[in-house]
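Asks: Predicted coordinates and the sequence they were generated for:
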Amino acid sequence: GNSVTQMEGPVTLSEEAFLTINCTYTATGYPSLFWYVQYPGEGLQLLLKATKADDKGSNKGFEATYRKETTSFHLEKGSVQVSDSAVYFCALSAHNQAGTALIFGKGTTLSVSS
Amino acid sequence: GAVVSQHPSRVICKSGTSVKIECRSLDFQATTMFWYRQFPKQSLMLMATSNEGSKATYEQGVEKDKFLINHASLTLSTLTVTSAHPEDSSFYICSARDAGGGSEAFFGQGTRLTVV
């Protein structure tokens, strides 16, 4: 079946450090891939997405590249800020249809200190 | 982007009572909505898929008689936790994808349920 595996946290960094959160997936076909962010007490917000192999999603300094050969979608940011502290979820959708639920990884907590 | 509104954001109820959580798509039609439960160590578990005008599809292990889902219109799905117990305390999140296209899912703000 389809699944997402992401690195376990928590990840603790100092401001301006480089961030990588690993995410790998298992899926049949060609899924769409997503990174969502959840701030304390809130729902999930889309951070970035990629819908086909070699696509790079980017937003707010975060990037992730859809690598079909390694079935990965690692999240990176060159210089993190305190405001980036949140829980990050990698997710996939087997089909780009409204009736298909997203499948999530377990989430990685990022804590950035000044 | 599209907006999904979930209400209430927090609720405290007594054991044995029922609680209704509403999920609305504000600017798009959602023939399908999804209900997730988030456990303390952040994992997001899909509970059920809510289909407008028909019965919900529940994931394995989710009690359909305890978690009643109604999707009476293209913009509203409700989750009712019946005869709530302390172990039902959790963060519940709804989600919808725009029936008109696009691959991303939009999420409500979540509901923190505490059963005392």
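Replies: Good, I have the coordinates.
Asks: what's the nearest residue to B:D65 if we skip its chain neighbours?
Replies: For B:D65, ignoring the flanking residues on the chain, the nearest one in space by C-beta to C-beta, 6 or more residues apart in numbering or on different chains is B:T82 at 7.1 Å. Every residue, glycine included, has its C-beta placed from N, CA and C.
Asks: and what of A:P31?
Replies: A:L92 (4.3 Å).
Asks: Run me through the strand neighbours of the helix or strand where that neighbour lies, direction for each.
Replies: A:L92 is part of strand A:86-93, with elements assigned from DSSP states H and E. In the sheet, strand A:86-93 lines up against strand A:32-38 (antiparallel), strand A:103-104 (antiparallel), strand A:108-113 (antiparallel) (DSSP bridges).
Asks: Spit out the contact partners of the residue in chain A positioned nearest to chain B.
Replies: Ranked by C-beta to the nearest C-beta, the top residue of chain A for proximity to chain B is A:G107, at 3.6 Å. A:G107 makes contacts with A:6, A:9, A:38, A:87-89, B:41-44, as judged by C-beta atoms under 8 Å, 6 or more residues apart in numbering or on different chains.
Asks: so which of these comes closest to A:L44?
Replies: Distance ranking of the contacts of A:G107 against A:L44, using C-beta to C-beta, places A:Q38 first at 5.0 Å.
Asks: List the beta-bridge partners for the nearest residue to the closest one once chain neighbours are set aside.
Replies: Leaving aside its sequence neighbours, A:Q38 sits nearest to A:V87 (C-beta to C-beta, 6+ apart; 4.5 Å). Listed beta-bridge partners, A:V87: A:Q38, A:T109 (assigned using DSSP bridges).
Asks: Flag every residue of chain A that's near chain B.
Replies: Taking C-beta under 8 Å from any C-beta of the partner chain as the measure of proximity, chain A contacts chain B at A:32, A:34, A:36, A:38, A:41-46, A:49, A:51, A:87, A:89, A:93, A:96-104, A:106-107, A:109.
Asks: Could you rerun that using 10 Å?
Replies: A:8-9, A:31-34, A:36, A:38, A:41-46, A:48-51, A:87-89, A:91, A:93, A:95-109 (C-beta under 10 Å from any C-beta of the partner chain).
Asks: out of these, which are buried?
Replies: A:9, A:31-34, A:36, A:38, A:42-44, A:46, A:48-51, A:87-89, A:91, A:93, A:98, A:100-109 (16 or more other C-beta atoms under 10 Å in any protein chain shown).
Asks: thinking again about what came up before, can you pull the contacts of the residue nearest to A:Q38?
Replies: Taking C-beta atoms under 10 Å, 6 or more residues apart in numbering or on different chains as the criterion, A:V87 is in contact with A:9-10, A:36-40, A:42, A:44, A:106-110, B:38, B:42, B:44.
Asks: from what I can see A:N22 touches A:G9, true?
Replies: No - between A:N22 and A:G9 there is no contact under C-beta atoms under 10 Å: 11.1 Å.
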